[in-house]
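Enquirer: Sequence first, then the predicted structure, then my questions.
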Amino acid sequence: MRSTHCRPVIKRHGSRFFTADARLTDDRSRRSFAGFSDEALGHERFTSIDRVDNNGLDVYGSFHSDRWGDFETYFKFHLGSDGKFARLDIGQ
């Protein structure tokens with residue numbers, strides 16, 4: 001089941017969780033956070049979560065991308081001074 005129905009909800013409420021200038025790195029390369037969100041939502045997802053560390057800010061698991069297939073990945077969220085996420089690092 002695809003989650004394309006959540007795309008407008010994320011766009012509308014994303015600013016509640018992420019700073020306006022949130023940064024994203026994908027395999028250590030800087031990417032546009034907005035561009036990544038537009039491309040990934042509804043097409044990429046965790047299929048299992050294997051480990052959660054750093055008080056829930058680091059998530060490791062199996063991931064599926066309609067474009068790239070299945071692989072292991074991590075998402076590491078970094079909080080800003082206002083309590084919102086200021087950076088997200090994604091990698092394999």
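Expert: Alright, I've got the coordinates. Numbers count the residues shown, from 1 in each chain.

Enquirer: any idea how far the residue lying closest to Asp66 once chain neighbours are set aside lies from His64?
Expert: Counting by CB to CB, 6 or more residues apart in numbering, His43 is the residue found nearest to Asp66 once chain neighbours are left out, at 4.4 Å. C-beta here means a position set from N, CA and C on the backbone, and glycine is covered the same way. From His43 over to His64 the distance is 9 Å, taken as CB to CB, to the nearest Å.

Enquirer: what's the answer for Leu57, then?
Expert: Leu57 is 22 Å from His64, by CB to CB.

Enquirer: cool, Lys84 as well?
Expert: 27 Å.

Enquirer: Ok, Thr73 next?
Expert: 10 Å.

Enquirer: which residues are common contacts for these two?
Expert: Counting by CB atoms under 8 Å, 6 or more residues apart in numbering, the contacts common to Thr73 and His64 are Phe46.

Enquirer: which of the two has more neighbours?
Expert: Each of Thr73 and His64 has its neighbours counted (other CB atoms under 10 Å); Thr73 has more, 20 against 15.

Enquirer: List the contacts of the more buried one.
Expert: 46, 60-63, 90-92.

Enquirer: How about Phe75: what's its closest non-neighbour residue?
Expert: Nearest to Phe75 is Val59, by CB to CB, 6+ apart, at 4.7 Å.

Enquirer: which of the residues in the helix or strand hosting that neighbour are buried?
Expert: Using DSSP states H and E, Val59 sits within strand 58-65. By neighbour count on 16 or more other CB atoms under 10 Å, the buried set for strand 58-65 is 59-60, 63.
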